[in-house]
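Student: model the following, please.
(chains A and B)
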Amino acid sequence: MSTYIYAITPAGHPTALDGLAGVGDPPGELRVLRTEALGAVVSEAPEDLRAKRRDLVAHQSVLERLMRDGAVLPMRFGIVGPSDRHVLDSLEEHRDAYVERLKEVDGCLEFNLKVSRDENDLLREVVSESEEIRRLNAVTRQNPAAHAEKVALGELVSREVRVREESAAAEVVKQLAPTARRHSLAEPTTKHFLNVSFLVGRAEAASFSQAVDEEAQRRGEAYTLSLNGPLPPYSFV
Amino acid sequence: MSVVPQTNSSGGSGGSGNLYDVLELILDRGLVIDAFVRVSLVGIEILKIDVRVVVASVDTYLKFAEACNRLDLESGRKAPSQLTDIVGEATESGAKGKSKGALTGAVEAFSDSLQGKREEREEEPAEREPKKASSSASGNRRTPRRRED
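Tutor: Residues are numbered from 1 along each chain as shown, chains lettered A, B, ... in the order given. Just a heads-up that it's a prediction; the model follows:
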């Protein structure tokens, strides 16, 4: 029977998991494997485990509970070791690295911020600031068959859009980074030009959220800032 | 816990269920142990957010051009004389008279959860409404022109 791993904790973590169940159907029973320095929260992984939505929820719920009570290294979803023995061996083998990383995230939470901007707002800005774009826009509006002009217009606009989004993304990060310990950029999404996670000390969480709130107001209604957290420090392990 | 969405622009707050919003963290971040395997993610991966792929292609350009052609250049602008205000002032462009940004997410929840009220926030995740936290923010459009083709 293989072993599904949720998280690695310091040995002193209370790992209070009452009321929670593991992945699988029926849900696996949560257990803690312990070495001298570390603990690993695990459950049996059925041989044919196929990830479903409820499994993601189970994984996330275990991590949120662990995060509440102390430092935790969240595993990526779906990591399965061949046996408990292998998990324990791995804890020993990488002990120093895990202990070090646990120290780094101790007392910290992750907050993920995604920022989007109203498309028309952005395009209006781009059009209003370039005479050439305005000219091409007028030409192609009057003559939708003007293929070359359309391509030229689109190329100019896409370049402007990228420049503006990159600069706005950098500004937002610059504004918020001082209130966080660390930050980690992730891939922008089709909707969001900025996707970034911050590692924030528990004591600083309120001032961090305040800073995000202020940034949202400063940016104005054309921008949408979606903040999610506190989360286990997925992006900082 | 910790997933109560809050929107400061409307004061409204809906259900939670932000699993989708953090899916890429759960699936793509987090610690791995090299020697171990990973369960099949078939079916789960399609739930993931679309990562933006910027393709410099004629097709992309045409979409940008058409979006510009469709643009109502007058809305969101008081008068042409304000063009210069918009220039160089990205923070307020298009938002004259409205200064608030939209902030969605879990910002209310953590001040509570960090002050010992965590138990009250604890819910069975299964009970979470599968509502998108950010859907309460108006105008949060999808942008077809940016999608990968």
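Student: make it CA atoms for all contacts and neighbour counts henceforth
Tutor: OK.
Student: quick one, domains of chain B?
Tutor: For chain B, automatic domain parsing gives the domain ranges B:1-39+B:105-136, B:52-99.
Student: could you tell me the least trusted of those?
Tutor: Among the domains of chain B, domain B:1-39+B:105-136 carries the lowest mean pLDDT, a mean of 52.
Student: show me where chain A has its helices.
Tutor: For chain A, applying DSSP state H gives helices covering A:53-69, A:84-93, A:95-105, A:119-128, A:131-142, A:147-176, A:205-219.
Student: let's have the ones you listed in CSV, adding distance to A:Pro27 and mean pLDDT.
Tutor: Below are the helices of chain A laid out as CSV (distance: least, Cα to Cα, whole Å; pLDDT from 0 to 100):
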stretch, distance to A:Pro27, mean pLDDT
helix A:53-69, 9, 94
helix A:84-93, 18, 97
helix A:95-105, 28, 97
helix A:119-128, 44, 96
helix A:131-142, 58, 96
helix A:147-176, 40, 96
helix A:205-219, 33, 96
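Student: quick one: closest of the ones you listed to A:Leu30.
Tutor: Each of the helices of chain A has some distance to A:Leu30 by Cα to Cα; the shortest is helix A:53-69, at 9.0 Å.
Student: ok, and what's touching the closest one?
Tutor: Helix A:53-69 is contacted by residues A:6-7, A:13-17, A:20-24, A:72, A:74, A:77, A:109, A:231-232, B:19, B:26, B:44, B:125-126 when judged by Cα atoms under 8 Å, 6 or more residues apart in numbering or on different chains.
Student: next, the buried residues of that helix.
Tutor: Across helix A:53-69, burial judged by 16 or more other Cα atoms under 10 Å in any protein chain shown covers A:54-68.
Student: check those residues and tell me the two furthest apart.
Tutor: Top of the distance list for those (Cα to Cα): A:Arg54 and A:Arg68, 20.9 Å.
Student: check the gap between A:Asp89 and chain B for me.
Tutor: Separation of A:Asp89 from chain B (Cα to the nearest Cα, to the nearest Å) stands at 11 Å.
Student: same deal with A:Tyr98?
Tutor: From A:Tyr98 to chain B the distance is 10 Å (Cα to the nearest Cα).
Student: who's in contact with that residue?
Tutor: The contact partners of A:Tyr98, by Cα under 8 Å, 6+ apart, come to A:Ile8, A:Leu73, A:Leu91.
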